[in-house]
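Q: need a 3D model of the sequence below.
(one chain, ligands or ions: 1)
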Amino acid sequence: MGSELDHRRLYRLPWSLTDNVISWLEPTKECNIYCDGCYSANAKGSHKTLAEVRRDVDVFERFRRTDAMSIAGGDPLVHPEIVEVVRMVSERGLKPVVNTNGHGLTPGLLRELKRAGVAGFTFHVDSLQTRPGWEGKDECELNELRLEFAERVAEVGGISCAFNATVYEKTLPRVPDLLEWGRRHADKVHVLVFIAFRAAVPERFEYLAGDEPVTLKGLTYTRAAPQRTDITAQEIAAEIRKRFPEFEPSAYLNGTEKPDSLKWLLTLLVGDRERYYGSAGPKFVELSQVLNHLLKGRYLGYVPPRVHASARALLALGAVDGGLRKTARNWLRAVARNPLLSARPLHLQSVMIIQPVDVLEDGRQSMCDSCPDMTVHGGELVWSCRLEERLKYGHLMRLRPLPSPKAFDRAPAPGEAVD
Ligand code: SF4
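A: Below is the predicted model of the structure:
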């Protein structure tokens, strides 16, 4: 594989607006820490009632099939009735996956959530968060916290454990370190998600809500210090491949305006705690998505930990999938050199790289085609990454290129709350 990934050689994930792998439920906008890359304003006391949450779930059910429901925010664990929210989602036959910074996850709450039917946790941990007790820690130092969460979830058992991190210009070189950490704990860490940092670019564009120019002051996406806002999934994958040539992406979602951009880029690695032997290929992803849809009427989202732990059985699918064939060959060669390896379990670890909204030169915004993270606002499905625009201005913003770049003060206005 060359350094540039060609989308035509990958499997286009079959998800659509009305039939998708996940949806994005926000029971609250309140959060208990601050993250530089967050799209959402921190609104204290903004918890929805259970009746409001139920109405949102009804809207999802009316408009789309979904396998899993990301329960996000804000931080959903600050919602006083989070256990009931998880139960409600589970009782509808959806897999509830709690997207949290983990700060509020006590062992007691974790057990309650398990009883309510939680299927997974996605912990957002990265070094540009202001997290009590972990200030100033770099990405690698935060592995101690990540491991604490992973062990806590593993102890309860049967729950998928994912970690996501926003990738900033300065943390891009650390992505392979995170992956290496994940591999060492592949028995407990099932999914890793890397999300390229994005922010508004008022230095180059005029922002309009309807026909009215808006200042963007106070909008969450303008707060982080000036830095790159155009990191691509290709770059993140290339950074990973410098250390892990076995990292071979298999599937993607394209951009709405740029068909060859890789907005969601999926890689399924097979390995043990010491090394990766290879990645599943496009045919395997196609087979698992189509088969699940045929048998269960839904595309496949989160799977239980036991599926991640049974990667050896999947190697037989090398008969139809070139990626698994190559992986099996690499593993057998390693076992021939060291027969003790055959006693080690093989794990399947998913890595998703997300490249959110891209602003094109002419001001068009390229979104993830078939966005899995649609949320509900006013009875409609809306992109969760741009919900703030609807809340603040009543419209999605349009961008008009400025004739020449201008300065923009990203500091919060006096008296303006910082999330
Ligand atoms: S369009 Fe926005 S909300 Fe949807 S998946 Fe992409 S980044 Fe997430």
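
Q: from now on I want contacts and neighbour counts done on CA atoms only, so please keep to that.
A: Will do.

Q: my guess is residue 351 contacts residue 192, does it?
A: Yes - Residue 351 lies in contact with residue 192 (C-alpha atoms under 8 Å); the separation is 4.8 Å.

Q: which residues touch residue 58?
A: Contacts for residue 58 (C-alpha atoms under 8 Å, 6 or more residues apart in numbering) come out as none.

Q: ramachandran coordinates for it?
A: phi -60, psi -40 (degrees, to the nearest 10).

Q: which regions of the protein sit below the pLDDT cut-off?
A: Scanning the chain for pLDDT under 70 picks out the ranges 1-2, 410-419.

Q: what does it put close to the ligand?
A: For the chain, the contact set with the ligand under C-alpha under 6 Å from any ligand atom comprises 356, 357, 367, 368, 371, 372, 373, 374, 383, 384, 385.

Q: can you tell me the closest non-neighbouring residue to the fifth one?
A: Which is residue 371. Nearest residue to residue 371, sequence neighbours excluded (C-alpha to C-alpha, 6 or more residues apart in numbering): residue 17, at 6.8 Å.

Q: may I have the secondary structure class of the one you found?
A: Following DSSP: H, G, I helix; E, B strand; the rest coil, residue 17 is assigned to coil.

Q: that one and residue 368 touch, don't they?
A: No - under the criterion of C-alpha under 8 Å, residue 17 makes no contact with residue 368, lying 10.8 Å away.

Q: these two: which is more packed in?
A: Higher neighbour count among residue 17 and residue 368: residue 368, with 26 against 15, using other C-alpha atoms under 10 Å.

Q: beta partners of the more buried one?
A: residue 255 (DSSP bridges).

Q: need the contact list for residue 187.
A: Residue 187 touches 309, 347, counting by C-alpha under 8 Å, 6+ apart.

Q: nope, residue 27 is what I was after
A: 47, 48, 49, 53, 71, 72, 73, 76, 79, 85.

Q: of those, grab the buried ones for PyMOL.
A: To isolate the buried ones among those in PyMOL, judged by 16 or more other C-alpha atoms under 10 Å, type:
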select buried, resi 47+48+53+71+72+73+76+79+85
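
Q: in helices, which of the contacts of residue 27 fall?
A: Using DSSP state H, the members of those that fall in helices are 53, 85.

Q: return the subset of the contacts of residue 27 lying in strands.
A: Secondary structure defined by DSSP state E assigns residue 71 of the contacts of residue 27 to strands.

Q: make CSV out of the contacts of residue 27 and add distance to residue 160.
A: Shown next, in CSV, are those (distance: C-alpha to C-alpha, whole Å):
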residue, distance to residue 160
47, 26
48, 26
49, 27
53, 23
71, 14
72, 16
73, 19
76, 17
79, 21
85, 18
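
Q: so where do the helices sit in this structure?
A: 50-63, 82-91, 107-116, 143-156, 175-184, 233-243, 282-296, 305-308, 311-314, 322-337, 387-393.

Q: I am finished for the moment; much appreciated.
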